[in-house]
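# pasting a predicted model and its sequence here:
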Amino acid sequence: MPAQTSPSSTDEPVTATTPIAAMQSGTDLARTVSRAHLFHLSGDAVAGRAAQHLISVPDGAVAVDAAGVIVYSGPYDQLPQEYSEYRVLDHRGGFILPGFVDAHMHYPQTFLCNAYGGGQLLEWLERCIFPGESRYSDPEYAAVAAETFCRNRIAVGTTAAMVFGSAFPVAQDALFEASVRHGLRIVSGRGIQTVGPSSADALITDEDTAIELAADEVLRWHGGDLTDVALVPRFSLSVTRRTLTALGELYESVRGQGVYFHSHLSENDRPVTGEVAAVRAAYEVADYLDTYDGRFLPGSDKGGHSLLGPRSILAHAVHCTDRELARMAETGTSIAHCPTSQLFLGSGTMPWRRTVAHGVTIALGSDVGAGDEWSIARVASDSYKVHMSEPGADAIALDPAELLLSATLAGARALDRADTFGNLEVGRHADLLVVEPARLESLGRSLEWAVRADDEQMATAQTLFALLLGLRPEAIAGVYVRGVCVSERA
Ligand code: GUN
Ligand code: ZN
């Protein structure tokens, strides 16, 4: 059981050596006050200036009402009297973070994080991914994968996600059902392919079927309590102008209901045979993004409705032109930045400074299975490394607040839900993680015995950095969505 105290308790703080595992309640947060070090970003935080918006409250409290909504967030000693009746969950020595948002992960690649294809994107897809994803036609296999997918999400604290779905409706039903059962937020849509190599045969349908199945998925799963649907063409190379025309029409008819759009953009730029070159050649467009912007006719002429907008997320955007970045910013389209996957497939790195300068929302994506890490904290660690390693003057040591922003609030923004979750402000749903460093000696000791700068702001950044980079599932004591403990159900 947790240490439960009244708000006026003067109990000794939990130290990194206290066996907190034995104290963790796992109970829901209705009418509770959780006491710990709070780290989150204020709602107006923007990339490039995140440090100015970092909220760090060393002896903090988050009060959650019966509906799972945060009603107080701030210093424990300023907790309003009206919450004095609430049960106190004493996590001192620990931290409370907003739940992580994974803006791009592949459910049909749940068991493909270690697939060797001996090549970059297109070879890997053809040799490993298309055959592997074809197995989801088996409902039993898909159900096992859906369960594992949800458990893996919970283990790493991913409370909300944009999930690239399976081609098979039966597998998508298994995914949505498992997500609801586990109480996780999910946006997903079946992966649409209407053309491709023979290894993708099982995943390919004709255009009419693709549209019918997508429309049916919207009807059945969009606007659920925790579920929403996206239209998800795999990428421009797996569809045709005719598919994009029909998808544009469908999107136009459901955009008003808040349906999402999700795909890949400019990931692999190998000359001639790579993805970007192949898209330009197939569509005869100036820029890859044009194909999603209704401009998929030769010369980037308009041929249909745009699929871009505030509920559109494009994964990677590694090799974009300034024109593409400006257009994404203009339409409110977000980028799912996937550095772990980009390392795996040799895709290069999204240019941090240039992308931020255009004002595009940058969320993080694991891109499981090209990304071989489920944890958005591990992806943030890779983000730090790849941007530190950008050439010349492009190199940047990302402030830890930037890492936390891209792992949480920016993901909520990419999902157009920052009014509901993504930080710990009053009025947000209690989607949060309780981290107990003492559960993991490497993390507990590194925080307890850390060398810290004299400058308070730097010392705070150092603590957040150590927490994010040292975080592993063992240290996550509780994962909550809308105040419900989803880790207890896992
Ligand atoms: N582009 C098209 N399909 C995929 C995929 O499954 N993974 C990645 N990383 N890129 C893609
Ligand atoms: Zn992907």
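Structure's in. What do you need? Ligands and ions are numbered 1, 2, ... in the order given.

# list the helices and strands the helix or strand containing residue 464 packs on?
Element membership of residue 464 [criterion: DSSP states H and E] is helix 456-470. Where contact means 3 or more C-beta pairs under 8 Å, 6 or more residues apart in numbering; DSSP states H and E, helix 456-470 is packed against strand 54-64, helix 376-388, helix 400-407, helix 441-448. To be clear about C-beta, it is placed using only N, CA and C from the backbone, and glycine gets the same treatment.

# cutoff 6 Å now
If contacts are counted by 3 or more C-beta pairs under 6 Å, 6 or more residues apart in numbering; DSSP states H and E, helix 456-470 sits against helix 376-388, helix 400-407, helix 441-448.

# how about the first one: buried residues?
Spelled out, it's helix 376-388. 376, 377, 378, 379, 380, 381, 382, 383, 384, 386, 387 (16 or more other C-beta atoms under 10 Å).

# roughly how far does the last one sit from ligand 1?
This points to residue 387. 19 Å (C-beta to the nearest ligand atom, to the nearest Å).

# the closest residue to that residue other than its chain neighbours: how many residues sit nearby?
Distances taken as C-beta to C-beta, 6 or more residues apart in numbering put residue 352 closest to residue 387, at 4.5 Å, once the chain neighbours are dropped. Neighbour count for residue 352, taken as other C-beta atoms under 10 Å: 23.

# now the angle from the longest helix along the chain to helix 376-388?
In the chain, with assignment by DSSP state H, the single longest helix is helix 139-156. Put simply, helix 139-156 runs at 70 degrees to helix 376-388, going by axes from the mean of the first three to the mean of the last three C-alpha atoms, to 10 degrees.

# now do helix 139-156: which elements does it pack against?
helix 169-182.

# for the helix or strand just after the helix it packs on, what is the average pLDDT?
Next in sequence after helix 169-182, counting helices and strands by DSSP H and E, comes strand 185-189. Averaged over strand 185-189, pLDDT sits at 99.

# hmm, who's touching the helix or strand following strand 185-189?
Counting by DSSP H and E, the next helix or strand C-terminal to strand 185-189 is strand 191-192. Outside strand 191-192, the residues within contact range by C-beta atoms under 6 Å, 6 or more residues apart in numbering are 164, 165, 167, 210, 232, 233, 234.

# try 10 Å
106-108, 133, 136, 164-168, 172, 203-205, 207, 209-211, 213-214, 231-235, 238-239, 243, 247, 262-263 (C-beta atoms under 10 Å, 6 or more residues apart in numbering).

# in helices, which of these appear?
Per DSSP H, the contacts of strand 191-192 map to helices at 133, 172, 207, 209, 210, 211, 213, 214, 243, 247.

# got the phi/psi numbers for the residue nearest to the spatial centre of the chain?
Nearest residue to the geometric centre of the chain (C-alpha atoms, centre = their mean): residue 102, 1.2 Å. In terms of degrees, to the nearest 10, the main-chain angles of residue 102 are phi -100, psi 110.

# tell me the spacing between the residue of the stretch 251-400 of the chain found nearest ligand 2 and residue 410.
Ligand 2 sits closest to residue 367 of the stretch 251-400 of the chain, with a gap of 4.4 Å, by C-beta to the ion. Using C-beta to C-beta, to the nearest Å, residue 367 is found at 16 Å from residue 410.

# for residue 115, same thing?
Counting by C-beta to C-beta - residue 115 and residue 410 are separated by 29 Å.

# more neighbours: these two, which one.
Between residue 115 and residue 410, counted using other C-beta under 10 Å, residue 410 has the larger neighbour count: 29 against 17.

# quick check, the more buried one in contact with residue 100.
No: the pair residue 410 / residue 100 is not scored as a contact, 11.1 Å apart, by C-beta atoms under 10 Å.

# overlap in contacts, these two.
With C-beta under 10 Å, 6+ apart as the test, residue 410 and residue 100 both reach 364, 404.

# strands of the stretch 1-150 of the chain, start to end?
If DSSP state E, counting those that start in this stretch is used as the criterion, the strands of the stretch 1-150 of the chain fall at 3-5, 32-41, 54-64, 70-75, 87-98, 100-106.

# could you say which of those is packed most deeply?
strand 100-106 (a mean of 30; mean count of other C-beta atoms under 10 Å).

# who does that strand pair up with?
Looking at strand 100-106 with DSSP bridges, its partner strands are strand 158-164 (parallel).

# now the strand it pairs with: mean pLDDT?
Strand 158-164 comes out at a mean pLDDT of 99.

# my guess is residue 194 meets residue 245, correct?
No: checked against C-beta under 10 Å, the pair residue 194 and residue 245 is beyond contact range at 11.5 Å.

# ok, residue 118 to residue 278 distance?
Applying C-beta to C-beta to residue 118 and residue 278 gives a distance of 19 Å.

# chain center to stretch 307-318: distance?
In terms of C-alpha atoms, centre = their mean, to the nearest Å, the centre of stretch 307-318 is found 13 Å from the chain centre.

# ends of that stretch, what's the gap?
End-to-end distance for stretch 307-318, by C-alpha to C-alpha, to the nearest Å: 19 Å.

# kindly report the same for stretch 419-433.
18 Å.

# can you point out the buried residues in it?
420, 421, 422, 423, 424, 425, 428, 429, 430, 431, 432, 433.

# wait, residue 346 sits on residue 119?
Yes: here residue 346 reaches residue 119: they are 9.0 Å apart, a contact under C-beta under 10 Å.

# so what's the residue count around residue 404?
Neighbours of residue 404 using other C-beta under 10 Å come to 27.

# tell me the pLDDT of it.
99.

# the longest helix of the chain to helix 169-182, inter-axis angle?
40 degrees.

# who in the stretch 51-200 of the chain is up against ligand 1?
106, 121, 125, 129 (C-beta under 6 Å from any ligand atom).

# so the last one makes contact with residue 369?
Okay, so that is residue 129. Yes: Residue 129 is within contact range of residue 369, at 7.5 Å (criterion: C-beta under 10 Å).

# who touches both of the two?
Joint contacts of residue 129 and residue 369 (C-beta under 10 Å, 6+ apart) are 106, 108, 109, 112, 115.

# with distance to residue 158 and pLDDT added, can I get these in TSV?
Converted to TSV, those look like this (distance: C-beta to C-beta, whole Å; pLDDT from 0 to 100):
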residue	distance to residue 158	pLDDT
106	13	99
108	17	98
109	15	98
112	18	98
115	21	96
